[in-house]
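[1] Have a look at this prediction, sequence included:
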Protein chains: 2
Amino acid sequence: EEVAKLLELKAKLGTDDGKHKFVLKTPKGTRDYNPKQMAIRERVFNTIINCFKRHGAETIDTPVFELKETLTGKYGEDSKLIYDLKDQGGELLSLRYDLTVPFARYLAMNKITNIKRYHIAKVYRRDNPAMTKGRYREFYQCDFDIAGQYDPMIPDAECLKIVHEILSELELGDFSIKVNDRRILDGMFAVCGVPDSKFRTICSSVDKLDKTPWEEVKNEMVGEKGLAPEAADLIGEYVQNNGGLDLIERLLKDPKLSQSKQALEGLNDMKIMFEYLQLFGVTDKISFDLSLARGLDYYTGVIYEAVLIQNQAESQQQNNHTEESVSVGSVAGGGRYDGLVGMFDPKGRKVPCVGVSIGIERIFSIMEQKAEASEAKIRTTETQVLVAAAQKKLLEERMKLIAELWNAGIKAEMLYKKNPKLLNQLQYCEEAGIPLVAIIGEQELKDGVVKLRVVSTREEVNVARPNLVEEIQKRTSQF
Amino acid sequence: EEVAKLLELKAKLGTDDGKHKFVLKTPKGTRDYNPKQMAIRERVFNTIINCFKRHGAETIDTPVFELKETLTGKYGEDSKLIYDLKDQGGELLSLRYDLTVPFARYLAMNKITNIKRYHIAKVYRRDNPAMTKGRYREFYQCDFDIAGQYDPMIPDAECLKIVHEILSELELGDFSIKVNDRRILDGMFAVCGVPDSKFRTICSSVDKLDKTPWEEVKNEMVGEKGLAPEAADLIGEYVQNNGGLDLIERLLKDPKLSQSKQALEGLNDMKIMFEYLQLFGVTDKISFDLSLARGLDYYTGVIYEAVLIQNQAESQQQNNHTEESVSVGSVAGGGRYDGLVGMFDPKGRKVPCVGVSIGIERIFSIMEQKAEASEAKIRTTETQVLVAAAQKKLLEERMKLIAELWNAGIKAEMLYKKNPKLLNQLQYCEEAGIPLVAIIGEQELKDGVVKLRVVSTREEVNVARPNLVEEIQKRTSQF
């Protein structure tokens, strides 16, 4: 019965709609940011940019689209998610899929061999959006990368220190950073008997272990991808390991794994990195995890991913079945990619790089939910004073006064009405959170003063016009 | 002979190239921003954002692409310059052409009837790029708009005040803001005998008058567009007028023009606006100019455009033939568009809007040229201190110290080498403009101090480790 009513209602609305045929929406997987969301976004960006600058980074920018061929062959199976532009004559173009490939193109094009840079910009993926979880088709990436030939693992450790600093400062709750190395993964596949040709596809199966139980992943490896069951079982034993220096030491002595030169290189570098991480004081949140794979083709060394941990109490509120703490998804990731720049250089000259990308959209989602829950009022303007009139016919006088204030650098507004009521002007201040009102009336004009009212306390004081700017500055310096 | 040599060289290079077939470039009409350009860009943005905030604006953001139909029918002849995305299944999408249409879509979609907002973002036009002049296919727009039903011309005058403030603060040299009104233009066309159906196309001819002499524009009107020569001559008499309140008064009494109700409305509003502009103290740079047309379809009232004036001396340096001062192109433009939001509202509800867009790319170009000419060194990082070692085998100690500094909020770097030479560390500071070096050696570690060196004066002082953070903050607070 309810359904029938709804259907009827829908049909009625449908006929009214005929006038305008277009759909009023943003494209699938995208969203607008309203002023409140922008205020939150700017706060998060400031925290992140401050951290990047604290580590001495410069910044660059690149176009939103690249030549299609620039992106070709860099993302493996994910290439199907690239947005192409229509061929309207001229070059074939695609929207950038991340900031890493444009960065590598930039380095090769400008023959730069050393740089520490951050880049904050939107990237585009034709993925299945899950917007409530912060998964969009247009989303920001905040990347920090160190390019250059340096002594091993020093820049790599700094990238992890940066993730640790940012996630701590944003106060998103507990987090954990998983670390692994492409060379250890490849070496593990080799000693477990995975044929070379299957490395990448088995790697992408392993990558699912954060969301999928081992049995299912094994079925995919054996059933879909044709891996021998014994090889899968061997992999299974390794990928269920995680720990710190102790695990690294154990694996360095592992009779099978230590037969792989690649794995040994990876393990030795991992050991150096963990020593550096101890000096940076961040090992509390970092674990060496053999199940971390990360899909992108271009990684060549250490890889990492940060996840937020939902604590037991929170998670039980949402889901009574869960008993342990559960990860709520990746908020940062990165790794070393020593070959990518060389792919762009005409002579194949390599520039070793390591970097990290902060997954800012999930962080925005969490911050927005927090802001809503806390019901704290977020100001979306910085206006210090409203220029108001106590009587009619004072538009011209308001205009003269506000121009004086603007020219002195004061943030000021006035209502765009010839004769606004004083009450409406005061109400506007309450709603917008404007702390002061500069009121003029016939008497004030005669006396050469302005009545300055403090919105929160309703206190009023006459200020001589030449002192007004200074008085406003004094009273709003704490805001 | 020279040419032959060059051709030979080119052929030689050509054969080396074969290995990598791709072209290493950004798409036509786009560019990367290097760290120096970013530093300039941020300075310009800060000036503009400060001005927008001084006038009480909030900010929003919208996706880089919109549904194709959202953009359809908004830009008249310029629609051919819109970038479409390839149909990869799903919705048909186009890159935004400006920030105004997405703003109108945002207002209608969220049923917002009042807002004062700014939006700084990139827009896309498949135009003929002239990159040396700052004309790109991907470029920033900085828009400020006031939406809402208000008393006439108050928000319009504020928009012009904002242009005046921004162009003055950026110190780009002299400028002039031309103002006109769509209703005056349309009224003028009507009384001159232009048929209704030709209004838009004749309007776009008039729009060329800033670059093209009247005779050529007349030929286009009569020859290409089939306007009667007498009508063109009448237009010619009007469009060569510009001035202030005096011209408005004269035209209000003009026997022909005053027959148009539309033109009278426009002229009366223009008069009100000029009175407000006098109160704001900005009429020195503003002139009512009947030749200003602006191409976009959506304008309904006042329109304006700001141009920089090259003074005689500068212009003579570049071109000996020019004798008068000459305008070097538009740096801001805007106007009133009262019908655009209604085009998106299912019930056609109108939200009157007026706004301005700052053409930031031309401004970047000018600032970059200035920066190059002045040879002043632009810092691209904010690093306060380099953590350096005086002897070998101190990597671990440097790491511990730099982590202390980072955790205290100090902007610090270290070289990514195990055993860097002191000289190299000091040189790095000179190049990057880092003002301080925190040097540790065996002796300093033993004494519990750090040697703090001022790069510019070479002065060195031992600081007890617990006081180091405070000392660095004290010494870099002026930077």
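    Sure, I can see it.
[2] Spell out which parts of the stretch 201-350 of chain A neighbour chain B.
    When proximity is defined as Cβ under 8 Å from any Cβ of the partner chain, the stretch 201-350 of chain A approaches chain B at A:276, A:279-281, A:344-348. C-beta coordinates here come from the backbone N, C-alpha and C atoms, glycine included.
[3] Which among those count as buried?
    A:276, A:279-280, A:344-345 (16 or more other Cβ atoms under 10 Å in any protein chain shown).
[4] Please name whichever of these scores lowest on pLDDT.
    Ranked by pLDDT, those bottom out at A:Asp345, which has 91.
[5] Would you quantify the distance from that one to A:Arg117?
    Noted for A:Asp345: a distance of 18 Å to A:Arg117, by Cβ to Cβ, to the nearest Å.
[6] ok, which stretches of the stretch 251-400 of chain A are helices?
    Taking DSSP state H, counting those that start in this stretch as the criterion, the stretch 251-400 of chain A carries its helices at A:261-280, A:312-318, A:340-344, A:360-374, A:395-407.
[7] thinking again about what came up before, in the residues of the stretch 201-350 of chain A next to chain B, find the pair that's most separated.
    With distances taken as Cβ to Cβ, the most widely separated pair in these is A:Gly281 and A:Pro346, at 43.4 Å.
[8] about what we covered before: columns distance to A:Arg43 on top of the residues of the stretch 201-350 of chain A next to chain B, output as CSV?
    Listed next are those as CSV, based on distance: Cβ to Cβ, whole Å:
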residue, distance to A:Arg43
A:Tyr276, 31
A:Leu279, 31
A:Phe280, 26
A:Gly281, 26
A:Phe344, 36
A:Asp345, 39
A:Pro346, 43
A:Lys347, 45
A:Gly348, 43
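[9] between those residues, which is nearest B:Asp186?
    A:Phe344 (53.7 Å).
[10] got a list of what the residue nearest to the spatial centre of chain A touches?
    Nearest to the geometric centre of chain A sits A:Ile360, at 1.4 Å (Cα atoms, centre = their mean). The contact partners of A:Ile360, taken as Cβ atoms under 8 Å, 6 or more residues apart in numbering or on different chains, are A:44-45, A:48, A:139-142.
[11] Could you list which of those residues belong to strands?
    Counting by DSSP state E, the part of the contacts of A:Ile360 found in strands is A:139-142.
[12] rank the helices of the stretch 251-400 of chain A by pLDDT, which is bottom?
    Among the helices of the stretch 251-400 of chain A, helix A:312-318 scores lowest, with a mean of 51.
[13] Skip the chain neighbours and tell me the closest residue to the residue in the stretch 201-350 of chain A that chain B sits nearest to.
    Of all residues in the stretch 201-350 of chain A, A:Leu279 sits closest to chain B, at 4.1 Å by Cβ to the nearest Cβ. Closest residue in space to A:Leu279, ignoring its immediate chain neighbours: B:Met399 at 4.1 Å, by Cβ to Cβ, 6 or more residues apart in numbering or on different chains.
[14] Out of the residues of the stretch 201-350 of chain A next to chain B, which comes closest to B:Met221?
    Closest to B:Met221, out of all of those and judged by Cβ to Cβ, is A:Phe344, at 51.1 Å.
[15] show me where pLDDT drops low in the stretch 301-450 of chain A?
    The stretch 301-450 of chain A contains residues with pLDDT under 70 at A:311-328.
[16] For it, just list every one of the strands.
    Assigned by DSSP state E, counting those that start in this stretch, the strands in the stretch 301-450 of chain A fall at A:302-310, A:326-336, A:353-358, A:385-389, A:412-413, A:436-440, A:449-454.
[17] hang on, the earlier thing: can you list the buried ones among the residues of the stretch 201-350 of chain A next to chain B in CSV and add distance to B:Glu404?
    Shown next, in CSV, are those (distance: Cβ to Cβ, whole Å):
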residue, distance to B:Glu404
A:Tyr276, 15
A:Leu279, 11
A:Phe280, 10
A:Phe344, 39
A:Asp345, 39
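[18] pretty sure A:Glu138 is touching A:Lys122, no?
    Yes. In terms of Cβ atoms under 8 Å, A:Glu138 counts as a neighbour of A:Lys122; the distance is 5.5 Å.
[19] Common neighbours of those two, please.
    B:Val64.
[20] Bridged to A:Phe65, which residues?
    A:Phe65 has these beta-bridge partners by DSSP bridges: A:Leu95.
[21] wait, doesn't it sit right on B:Thr30?
    Yes. Assessed by Cβ under 8 Å, A:Phe65 is found in contact with B:Thr30 at 7.5 Å.
[22] And the two? Which one has more around it.
    A:Phe65 (28 against 21; other Cβ atoms under 10 Å in any protein chain shown).
[23] So which residues make contact with stretch A:239-247?
    Residues contacting stretch A:239-247 (Cβ under 8 Å, 6+ apart): A:178, A:206, A:209, A:214, A:251, A:271, A:274-275, A:283, A:286-291.
[24] The same query, at a cut-off of 6 Å, please.
    With contacts defined as Cβ atoms under 6 Å, 6 or more residues apart in numbering or on different chains, stretch A:239-247 is touched by A:206, A:274, A:287-291.
[25] what do you get for stretch A:114-129?
    With Cβ under 6 Å, 6+ apart as the test, stretch A:114-129 has contacts from A:29, A:52, A:56-60, A:81, A:83, A:95-96, A:98-99, A:135-138, A:140-144, A:146-148.
[26] in it, what's buried?
    For stretch A:114-129, burial by neighbour count (16+ other Cβ under 10 Å) applies to A:115-126, A:129.
[27] same deal with stretch A:64-78?
    Buried residues in stretch A:64-78 (16+ other Cβ under 10 Å): A:64-68, A:70-71, A:74-75, A:78.
[28] distance between the ends of it?
    For stretch A:64-78, the first-to-last residue distance is 19 Å (Cα to Cα, to the nearest Å).
[29] Give me the distance from that stretch to the chain's centre.
    Here the centre of stretch A:64-78 is set off from its chain's centre by 21 Å, with Cα atoms, centre = their mean, to the nearest Å.
[30] now the helices for the stretch 101-250 of chain A?
    A:154-169, A:182-192, A:199-206, A:214-219, A:229-239, A:245-252.
[31] Compare the mean pLDDT across these and name the weakest.
    Averaging pLDDT over each of those puts helix A:199-206 lowest, since it has a mean of 90.
[32] Got the domain ranges for chain A?
    The record's domain parsing of chain A by automatic domain parsing lists A:35-374, A:385-476.
[33] Return the distance of the shortest one from the chain's centre.
    So the one you mean is domain A:385-476. For domain A:385-476, the distance to the chain centre is 40 Å (Cα atoms, centre = their mean).
[34] Now render the strands of the stretch 301-450 of chain A as TSV, adding mean neighbour count.
    Output for those, formatted as TSV (neighbours: other Cβ atoms under 10 Å in any protein chain shown):
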stretch	mean neighbour count
strand A:302-310	22
strand A:326-336	21
strand A:353-358	26
strand A:385-389	27
strand A:412-413	24
strand A:436-440	23
strand A:449-454	19
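[35] what residues does the stretch 1-150 of chain A put near chain B?
    A:20, A:22, A:24, A:26-28, A:30, A:32-33, A:35, A:38, A:53-54, A:56, A:58-63, A:65, A:69, A:84-86, A:91, A:93, A:106, A:109, A:138, A:150 (Cβ under 6 Å from any Cβ of the partner chain).
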